[in-house]
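Engineer: need coordinates for the below:
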Amino acid sequence: MAYPSQDEIRSMLPYWVRMAFVFGAASPAAIQLLAEYDSPKELLDAMERGMVSRVPQNVMKNLMKYNHAQAESMVYFCEKNEIT
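Structural biologist: Model (predicted):
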């Protein structure tokens, strides 16, 4: 198993941040759903297409409330302010 490069890790950060926005930190529902998908990007994309049926209503509201650009902005803010 190959480890992801720094660029690959950086490109996935906004999806992980959006997952935290949408589900909340350390959500059991997110962990269960992620087990069925290869990445948070795939799960979020499937949710946006309405292909995930077991998503709580509040999570679906958050999905519409928090978009990828907001997550990307949070990653940028953290990088700029040296927050790890």
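Engineer: report the contact partners of residue 9.
Structural biologist: Shown in contact with residue 9 (CB atoms under 8 Å, 6 or more residues apart in numbering): no residues. For the C-beta atoms, the positions are set from N, CA and C on the backbone; glycine is no exception.
Engineer: where do the helices sit along this structure?
Structural biologist: Per DSSP state H, the chain carries helices over the ranges 6-23, 28-34, 40-48, 57-65, 68-80.
Engineer: can you list contacts of the second one?
Structural biologist: In this case it means helix 28-34. 19, 22-24, 40, 43, 52, 54-56, 59.
Engineer: list the buried residues for it?
Structural biologist: By neighbour count with 16 or more other CB atoms under 10 Å, helix 28-34 contains the buried residues 30, 33-34.
Engineer: before we move on, what about the fourth one?
Structural biologist: By neighbour count on 16+ other CB under 10 Å, the buried set for helix 57-65 is 59, 62-63.
Engineer: same check on the third one?
Structural biologist: Applying a neighbour-count criterion of 16+ other CB under 10 Å, the buried positions in helix 40-48 are 40-41, 43-44, 47.
Engineer: ok, the last one next?
Structural biologist: Going by neighbour count (16+ other CB under 10 Å), the buried part of helix 68-80 is 71, 74-75.
Engineer: which pLDDT does the model give the closest residue to residue 70 other than its chain neighbours?
Structural biologist: Nearest residue to residue 70 in three dimensions, chain neighbours excluded: residue 21, at 7.1 Å (CB to CB, 6 or more residues apart in numbering). pLDDT, residue 21: 96.
Engineer: give the contact list for residue 21.
Structural biologist: Per CB under 8 Å, 6+ apart, neighbours of residue 21: 62, 65-66, 70-71.
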